[in-house]
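A.B. asks: Show me the folded form of this:
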Amino acid sequence: MLRSHRWRTAANSAAYLLPILQPGMRLLDVGCGPGTLTIDLAARVAPAEVVGIDVNADVVAEAAGGARERGQDNVTFLAGDFRTADLPAASFDVVHAHQVLQHLRAPVAALVAMGRLAAPGGLIAVRDSDYASMVWHPDSEALTRWLGVYQAVTARNGADANAGRRLLAWASEAGLRDVVYTTSTWTFARPEDRSWWGELWAQRIVASALAEQAVDYGIASPAELQELAAGWREWAAAPRAVFVVTHGEVVARV
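C.D. replies: Numbers count the residues shown, from 1 in each chain. Predicted structure coming up:
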């Protein structure tokens with residue numbers, strides 16, 4: 001999972017937001033992970049303060065180290081849950097979350113909490129993938145089964161793997177205004193991109209919380225997960241393979 005997070009940049013994961021950002025905007029990045037995207041955003045709004053927060057203390061430490069290496073001194077990283085951390089209310093011009101709402105049991109409540117942290121007139125910006133609309137070529141029974149396993153695990157956890165299509169509705173339910181909904185994709189079609197994406201999922205389906213939960217919940221056996229990993233590698237090796245990840249995006253005002 002962290003391999004995917006480290007790959008994320010403002011260009012490939014927040015292009016919908018970049019035209020709106022301006023120097024001097026104070027920004028909070030919710031669920032910042034190892035911080036590559038956060039640090040990119042901090043460069044866009046400098047000299048304003050940027051805060052990244054994540055529940056995983058280890059990745060927060062990695063993020064802080066990355067900021068030091070890049071000399072980005074206007075960003076601070078905190079370990080904790082943004083909903084309960086001691087963050088000042090109504091103090092951020094932009095509250096941003098990338099691939100976060102799809103993992104939460106109460107996404108609307110999370111948007112309300114994000115809204116409380118934004119200054120009056122501030123912006124909420126969220127982007128989430130939509131697993132059911134992902135497409136690939138060539139056809140693969142293993143990848144079809146992988147998608148079923150992923151969605152079943154997510155549903156058992158009380159979350160929504162198809163969050164991308166629901167962002168507009170959730171933002172409206174949260175009481176946000178001036179809501180603008182867009183979509184974008186990640187496309188893996190070059191050999192090196194296919195190899196990276198396929199190996200990422202081949203490893204994740206056998207050695208991650210996703211894999212542990214799939215087995216614990218009785219959704220898949222360890223042997224089946226190994227077969228799915230082999231299917232990912234087979235897909236990645238196909239000479240004209242393509243995988244498209246669909247995302248929904250919302251920018252709204254508090």
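
A.B. asks: okay, now His103: neighbour count?
C.D. replies: His103 has 17 neighbouring residues, counting by other C-beta atoms under 10 Å. To be clear about C-beta, it is placed using only N, CA and C from the backbone, and glycine gets the same treatment.

A.B. asks: Quick check: it touching Ala159?
C.D. replies: Yes - taking C-beta atoms under 8 Å as the contact criterion, His103 and Ala159 are neighbours in contact, 5.3 Å apart.

A.B. asks: Tell me the confidence at the residue nearest to Trp197 when sequence neighbours are not counted?
C.D. replies: Spatially, and ignoring its direct neighbours in sequence, Trp197 is nearest to Phe188 (4.3 Å; C-beta to C-beta, 6 or more residues apart in numbering). With respect to pLDDT, Phe188 scores 97.

A.B. asks: cool, and the one 4 residues further on?
C.D. replies: Confidence per residue is given as pLDDT, and for Glu192 that number is 95.

A.B. asks: Buried ones in the helix or strand harbouring Ala63, by neighbour count?
C.D. replies: Following DSSP states H and E, the helix or strand that holds Ala63 is helix 57-70. The neighbour-count criterion (16 or more other C-beta atoms under 10 Å) identifies Val59, Val60, Glu62, Ala63, Ala64, Gly66, Ala67 as the buried residues of helix 57-70.

A.B. asks: out of those residues, who's nearest Ala230?
C.D. replies: The shortest gap between Ala230 and any of the buried residues of helix 57-70 belongs to Val59, at 28.9 Å (C-beta to C-beta).

A.B. asks: Moving C-terminal from the one helix or strand Trp235 maps to, which element do we reach first?
C.D. replies: Trp235 belongs to helix 222-237 when elements are defined using DSSP H and E. Proceeding C-terminally, helix 222-237 gives way to strand 242-253 as the next helix or strand, assigned by DSSP H and E.

A.B. asks: Does anything pack onto that next one? Which helices or strands?
C.D. replies: Contact analysis of strand 242-253 by 3 or more C-beta pairs under 8 Å, 6 or more residues apart in numbering; DSSP states H and E lists strand 118-129, strand 135-137, helix 167-173, strand 177-188, helix 191-204 as its packing neighbours.

A.B. asks: rewinding a little: find the pair from the buried residues of helix 57-70 with maximum spatial separation.
C.D. replies: Farthest apart among these by C-beta to C-beta are Val59 and Ala67. That separation is 12.8 Å.
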